[in-house]
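J.: Next come a sequence and a model predicted from it.
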Amino acid sequence: MKSLRSHVGGEWVEGRGKGAELVNPTTEAVVATASTEGVDFRAALAFARDVGGPALRAATFAERGAMIRAASRAIHGARDELIALAIDNGGCTRSDGKFDVDGASGTLGAYADLASELGDARFLVDGEAINFGRSSRLAGRHVLLPLEGVAAHVNAFNFPAWGLGEKLAVAILAGVPVISKPATSTALVAHRIAELFVEQAIFPRGAFSFVGGAPGDLLEHLVAQDVLAFTGSGAVGAQLRALPNVVASSVRVNVEADSLNAAILGGETSDETYDLFLKDVAKEVTQKTGQKCTATRRVFVPRARLEAVREALVERFADVKVGDPARDDVTMGPVATRRQQRDVLDGIAKLVAAGAKVVVGGKAPDAPLGVEPGRGFFVAPTLLEVSSAADAGPVHEHEVFGPVTTLIPYDGTPELIAAVRRGGGGLVSSVYGDDKEFLRTVVFGIATAHGRLVIGTEKNAGAAMSPGLVLPQLVHGGPGRAGGGEELGGARGLRLYLQRTALQGYGPLLQSLVESGKQV
Ligand code: NAP
């Protein structure tokens, strides 16, 4: 039985005691244990700050980029092994596993490319000189320098590889050492990635640390200059934001949390646009068994198109083959844990109690393919429906984190916009239509409630990427319920780990001070 370790203080450390059990959600067999009991997190953070930080800050952006490139290659080189672990410990199909693993290597690769553009500088210069007066005798500049602390990365269970990779890429490029903590229940993939990084000596000592299990008191030792980047439930995010040391030292916190993402169909659309809408909704509900922060939870359709959309989605959901994700003919596996299965079924019951009706699914499937009867944490692809956007109740408030979505008819654009906004702030919603005025009204009507909007039209239907694909070049995050955070977005993402300082003084002197930085 594999026992996960933590890599802290430059070495692998085994936690004491029995630890938590990591389970294969298809067979319910225990695949590993994880304990961090007895790990000295205060010392781990100090080591990262004192040893890893200076090493990274001494490196240029290009040199940090070489580390990030090597990390990307290490993950890509172990792709098949990592996908196998994702099947075993995450209930992922091969395609789901690839999505996670390739998401990690791809995002790291994109940040390695950005590092090449930033070149030999070690810090950024923000904007041009500002002269106070007619000459440059009194001037101002802004510089962005790496914080001299550590970046604590806490990730959700659904993307053990991608979550680790995307946060790591940005912090390392900024010049800040990382301590990465995956969710315990699916940590096998992240643990293997950490082993690869250590075996291949990709990062300088102290620049990358890893927590293989419970967080213990890790976050209670964060101080000023440290950063906490959290992905997970809104409830835990709120709790961490309020930690007394985090509040007292103004530790920077970025939260990526829940989201009631919408897919919106316009009144009249071309066949291409309509097909794209159906394809995206089906994918966003069933990929990774709906356990994506970007999954579509609410499907808004004009009332006149409700019946057609319902029929088309029922057909698509019927094509989904639920079962053992190790089998090639299976297209959707179980959810990741027993707790997750219970939460999803409870969530469906909550929406139904408030008036939603079950169109298909709504329970565990009768006989998942290749699975011993009664085993595994399965939930059937589920389509719910409510009678109107205004009466949808908890559909606008409660995220059911599984293969579940709700069909919602709308009667006009103002009602549609108000209803989408009732989600309280989301990561990504998608709008499908070919009428420019409709698109303009909806996009600007809901933009401030979102971090990203995907617009599907007949012009790009053939080439469109599904909304759930988080691109390193675009920001990821969202206001309100989604956590109020922002990650990625190319160089924008670096800001979380950099201190912007205004320099005020004699213009030519300031110019010479900032000359070795990279102007952005
Ligand atoms: P979770 O229960 O909030 O856990 C997230 C992480 O926080 C895990 O690593 C967990 O560690 C850790 N954690 C829990 N309590 C903690 C505490 N008191 N102190 C420090 N760390 C703590 O969320 P989850 O069930 O893994 O993920 C599902 C949720 O994540 C969904 O709501 C989903 O929408 C959201 N999500 C958001 C995004 C996004 O980008 N916005 C992406 C993915 C998922 P342990 O596992 O060791 O308990």
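T.: Sure thing, it's come through.
J.: Which stretches in the stretch 401-520 of the chain count as helices?
T.: 413-421, 436-446, 507-514 (DSSP state H, counting those that start in this stretch).
J.: near the ligand, which residues of the stretch 151-300 of the chain show up?
T.: Selection of the stretch 151-300 of the chain residues close to the ligand by CB under 6 Å from any ligand atom yields 154-158, 181, 183-185, 214-215, 219, 231-233, 236, 239-240, 256-259, 293. C-beta coordinates here come from the backbone N, C-alpha and C atoms, glycine included.
J.: quick revisit: for residue 287, which of the helices of the stretch 401-520 of the chain is the nearest?
T.: Of all the helices of the stretch 401-520 of the chain, it is helix 413-421 that lies closest to residue 287, at 21.9 Å by CB to CB.
J.: thinking again about what came up before, now the residues of the stretch 151-300 of the chain next to the ligand: which count as buried?
T.: The neighbour-count test (16 or more other CB atoms under 10 Å) marks 154-158, 181, 183-185, 214-215, 219, 231-233, 236, 240, 256-259, 293 as buried among those.
J.: count of neighbours near the closest residue to residue 92 other than its chain neighbours?
T.: In space, residue 92 comes closest to residue 86 once its chain neighbours are excluded; the distance is 4.2 Å by CB to CB, 6 or more residues apart in numbering. Neighbourhood size, residue 86 [other CB atoms under 10 Å]: 29.
J.: Touching the host helix or strand of residue 86 from outside, list them.
T.: Taking DSSP states H and E as the criterion, residue 86 maps to helix 79-90. Residues external to helix 79-90 that are found in contact with it (CB atoms under 8 Å, 6 or more residues apart in numbering): 22-25, 31-32, 75, 92-94, 96-98, 100-102, 105, 157-158, 160-161, 186-189, 192-193, 325-326, 333, 336.
J.: what do you get for stretch 296-306?
T.: Residues lying outside stretch 296-306 but in contact with it, judged by CB under 8 Å, 6+ apart, are 259-267, 280-281, 284-285, 309, 313, 389, 392, 395-396, 399-400, 404-411, 416, 419-420, 423, 430, 467.
J.: that older thread, and the buried ones among the residues of the stretch 151-300 of the chain next to the ligand, which of them are in strands?
T.: 154, 181, 231, 256 (DSSP state E).
J.: how close does the second one get to residue 156?
T.: The span separating residue 181 from residue 156 equals 11 Å under the rule CB to CB, to the nearest Å.
J.: and if you look at the last one?
T.: Between residue 256 and residue 156 the computed distance is 8 Å (CB to CB).
J.: can you tell me the helix or strand for the closest residue to residue 93 other than its chain neighbours?
T.: The shortest distance from residue 93 to any residue that is not its chain neighbour, by CB to CB, 6+ apart, is 4.2 Å, and that residue is residue 325. Counting by DSSP H and E, no helix or strand carries residue 325.
J.: show me the contacts for residue 325.
T.: Contacts of residue 325 (CB under 8 Å, 6+ apart): 26, 87, 91-94, 96, 332-334.
J.: would CSV of those residues with neighbour count be doable?
T.: Below are the contacts of residue 325 laid out as CSV (neighbours: other CB atoms under 10 Å):
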residue, neighbour count
26, 25
87, 21
91, 31
92, 33
93, 27
94, 18
96, 26
332, 30
333, 30
334, 31
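J.: Spatially central residue for this structure, please.
T.: Centroid check for the chain by CA atoms, centre = their mean gives residue 163 as the closest residue, at 5.7 Å.
J.: what's the nearest residue to that one if we skip its chain neighbours?
T.: Leaving aside its chain neighbours, residue 163 sits nearest to residue 155 (3.6 Å; criterion: CB to CB, 6+ apart).
J.: most tightly surrounded among the helices of the stretch 401-520 of the chain?
T.: helix 413-421 (a mean of 19; mean count of other CB atoms under 10 Å).
J.: mean confidence score for that one?
T.: Helix 413-421 carries an average pLDDT of 97.
J.: related to what we said a few turns ago, in CSV, list the helices of the stretch 401-520 of the chain along with distance to residue 367.
T.: Compiled in CSV, the helices of the stretch 401-520 of the chain are given as follows (distance: least, CB to CB, whole Å):
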stretch, distance to residue 367
helix 413-421, 37
helix 436-446, 41
helix 507-514, 66
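J.: Which one, of the ones you listed, ends up nearest to residue 124?
T.: So among the helices of the stretch 401-520 of the chain, helix 507-514 is nearest, using CB to CB, at 9.5 Å.
J.: count of neighbours near the residue of the stretch 301-450 of the chain found nearest the ligand?
T.: Shortest the stretch 301-450 of the chain-to-the ligand distance, computed as CB to the nearest ligand atom: residue-wise this is residue 401, at 4.9 Å. Counted with other CB under 10 Å, the burial measure for residue 401 works out to 24 neighbours.
J.: Next one, pLDDT for it please.
T.: In the predicted model, residue 401 carries a pLDDT score of 97.
J.: tell me the contacts of the closest residue to it other than its chain neighbours?
T.: Beyond its immediate neighbours in the sequence, the residue positioned closest to residue 401 (CB to CB, 6+ apart) is residue 291, lying 5.7 Å away. With CB under 8 Å, 6+ apart as the criterion, the residues that contact residue 291 are 157-158, 335-336, 340, 401-402.
J.: Would you agree the residue of the stretch 301-450 of the chain closest to the ligand is in contact with residue 346?
T.: No. Using CB atoms under 8 Å as the test, residue 401 is too far from residue 346 to be in contact (11.1 Å).
J.: tell me the contacts of residue 272?
T.: Counting by CB under 8 Å, 6+ apart, residue 272 makes contact with 458, 461-462.
J.: and which of these is nearest the ligand?
T.: residue 461 (26.4 Å).
J.: Does the closest one touch residue 277 like I think?
T.: No. Using CB under 8 Å, residue 461 is not in contact with residue 277, being 9.2 Å away.
J.: The two: which is more packed in?
T.: More neighbours sit around residue 277 than around the other of residue 461 and residue 277, counting by other CB under 10 Å; the figures are 26 against 20.
J.: In three-state terms, how would the more buried one be classified?
T.: Assigned with DSSP: H, G, I helix; E, B strand; the rest coil, residue 277 falls in the helix class.
J.: Would you agree it is in contact with residue 263?
T.: Yes. The pair residue 277 / residue 263 is scored as a contact, 6.5 Å apart, by CB under 8 Å.
J.: The stretch 251-400 of the chain: helices as residue ranges?
T.: Listed in chain order (using DSSP H, counting those that start in this stretch), the helices of the stretch 251-400 of the chain are 271-286, 306-318, 338-353.
J.: how about these in CSV, adding mean pLDDT?
T.: Listed next are the helices of the stretch 251-400 of the chain as CSV, based on pLDDT from 0 to 100:
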stretch, mean pLDDT
helix 271-286, 96
helix 306-318, 97
helix 338-353, 97
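J.: Quick one, which of these gets closest to residue 3.
T.: Comparing the helices of the stretch 251-400 of the chain by their distance to residue 3 (CB to CB), the top pick is helix 338-353, with 21.3 Å.
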